[in-house]
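Enquirer: coords please:
(one chain, ligands or ions: 1)
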Amino acid sequence: MITDTHCHIYYDEIKSDIENVLKRAEETGIKKIIVPAVDFKTSIEILELSEKYEMIYALVGIHPTEVAKTNESDLDKVFDLLKYEKVVGIGESGLDYYWDKSGIDKQKEFFIAHINKAKEIGKPIVIHTRDSTSDAIDIIKTNYNENLKGQFHCFSGTIEEAKIILQLNGFYISFCGNITYKNNKDSEVVKFIPSDRLLSETDSPFLTPVPNRGKTNEPANIIYTIKKIAELKEIDVTELTNNLYKNSEKLFFNK
Ligand SMILES: [Zn+2]
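Expert: From the prediction side, this is the model:
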C-alpha cells in the first residue's frame, strides 16, 4: 500500500483526466492521495475533491509564493476549513526565496502563523522550501514543541540540515522524482535518511521521474521514485514501501 503524500491534483494537466489518473493510481497500489493547497481557492477545491473521491485527502494553507497576494483574513478563512474531517494537515507553507525574494518578511510571518496553528490543533505542517532550507529549519526549530509535527517535502537540503530535522521528533523528509535524474545531487542525502523518517510523494504534475520524464507527472509514477530510494539505500523495495506507508499513516492519520 502506498500514499502519495503530495499531489496537486487540481491543476488542469491532471484534473482533466482525474478518473483515469485515480484508476492508474489504484492499480499501482496507491490507497491515499494527499493534496496540498496553495491558497484559499485551491483549499476549497481540494475539499470538494476529497468529498467526491474516497482516496483524496486535503491539506489547507497558503503557499509561500502566494503570501504576497494574501491578507490575514484570507488566512483565517483557510484555517476555518481545518474543521473538516478529510483535512489531514496544514500546507503547503514554508519559504521560497527563488520565486519571491521581495516578500521574505511576510513569508516568515505566514510560515509562523501556519506553525502555530499546527501546534494548536495537533495536525502536521507540510513545508515547502526553495533556496531557503536553512532559514525554514531555523524557524521550525525555534518554534518547535512536542505538539509540532510535519514533513519537509521535496527536500533539497544537505546532510547537515537533514540531521537537524531528524532531531525533531515527529518530522519526516520526502523526495520527488528529480532524484531519478542523471544530474541529481541528492543521492547521499537520500541514503542518509532512515526509512522510518521518509515519506513517498510525487509533487504531481511536476517533477516526473525517469522513465516518464517529459510527460505530465501523476501519482502512479510514485513507484519509480520509491524504487530509486530503495536502490540508493540498498534495501528491499517492498520493505521500504511498507515503511513509507506506515510513516504516512502515523503522521497524517495518527495510526
Ligand atoms: Zn507542492
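Enquirer: how much space between the closest residue to Tyr144 other than its chain neighbours and Gly150?
Expert: Distances taken as C-beta to C-beta, 6 or more residues apart in numbering put Leu168 closest to Tyr144, at 5.6 Å, once the chain neighbours are dropped. All C-beta spots, glycine's among them, are computed from the backbone N, C-alpha and C. Distance, Leu168 to Gly150, by C-beta to C-beta, to the nearest Å: 9 Å.
Enquirer: Common neighbours of those two, please.
Expert: With contacts taken as C-beta atoms under 8 Å, 6 or more residues apart in numbering, the residues that reach both Leu168 and Gly150 are Ile140.
Enquirer: Settle it for me: which of those two has more neighbours?
Expert: Higher neighbour count among Leu168 and Gly150: Gly150, with 26 against 16, using other C-beta atoms under 10 Å.
Enquirer: Identify the residue spatially nearest to the more buried one, adjacent ones excluded.
Expert: Ile125 (4.0 Å).
Enquirer: Which strand residues bridge the one you found?
Expert: Note on Ile125: beta-bridge partners by DSSP bridges are Ile90, Gly150.
Enquirer: So what's the residue count around it?
Expert: Counted with other C-beta under 10 Å, Ile125 comes out at 26.
Enquirer: Likewise for Lys15?
Expert: The number of residues packed near Lys15 is 14, by other C-beta under 10 Å.
Enquirer: quick one: it and Ile9 touch, right?
Expert: Yes - using C-beta atoms under 8 Å, Lys15 is in contact with Ile9, at 6.2 Å.
Enquirer: hang on, the earlier thing: look up how far Glu19 lies from the residue nearest to Gly150.
Expert: 31 Å.
Enquirer: before we move on, what about Ile62?
Expert: 29 Å.
Enquirer: more neighbours, the two?
Expert: In this view Ile62 and Glu19 are compared by other C-beta under 10 Å, and Ile62 has more residues nearby, 28 against 8.
Enquirer: Tally up the residues packed near the residue nearest to the more buried one when sequence neighbours are not counted, please.
Expert: Leaving aside its chain neighbours, Ile62 sits nearest to Thr70 (5.2 Å; criterion: C-beta to C-beta, 6+ apart). Residue crowding around Thr70 was assessed by other C-beta under 10 Å; the count is 17.
Enquirer: swap in the one 10 residues further on?
Expert: Look at Asp80: counted by other C-beta under 10 Å, it has 12 neighbours.
Enquirer: need the contact list for it.
Expert: By C-beta under 8 Å, 6+ apart, Asp80 lies in contact with nothing.
Enquirer: Work out for me the element it sits within.
Expert: Using DSSP states H and E, Asp80 sits within helix 72-80.
Enquirer: do the same with Asn183
Expert: Remark: Asn183 resides in no helix or strand, with elements defined by DSSP H and E.
Enquirer: So it versus Val210, what's the distance?
Expert: The gap separating Asn183 from Val210 is 11 Å, by C-beta to C-beta.
Enquirer: Between the two, point out the one with more neighbours.
Expert: The residue with more neighbours, out of Asn183 and Val210, is Val210; 17 against 5, by other C-beta under 10 Å.
Enquirer: pretty sure that one is touching Tyr181, no?
Expert: Yes - if you go by C-beta under 8 Å, Val210 and Tyr181 touch, sitting 6.6 Å apart.
Enquirer: Could I get the contacting residues of the spatially closest residue to Pro209 that is not a sequence neighbour?
Expert: Counting by C-beta to C-beta, 6+ apart, the nearest residue to Pro209 once its immediate chain neighbours are dropped is Gly177, at 3.2 Å. Contact analysis of Gly177 by C-beta under 8 Å, 6+ apart lists Thr202, Asp203, Leu207, Thr208, Pro209, Val210, Arg213, Asn217, Asn221, Tyr224, Thr225.
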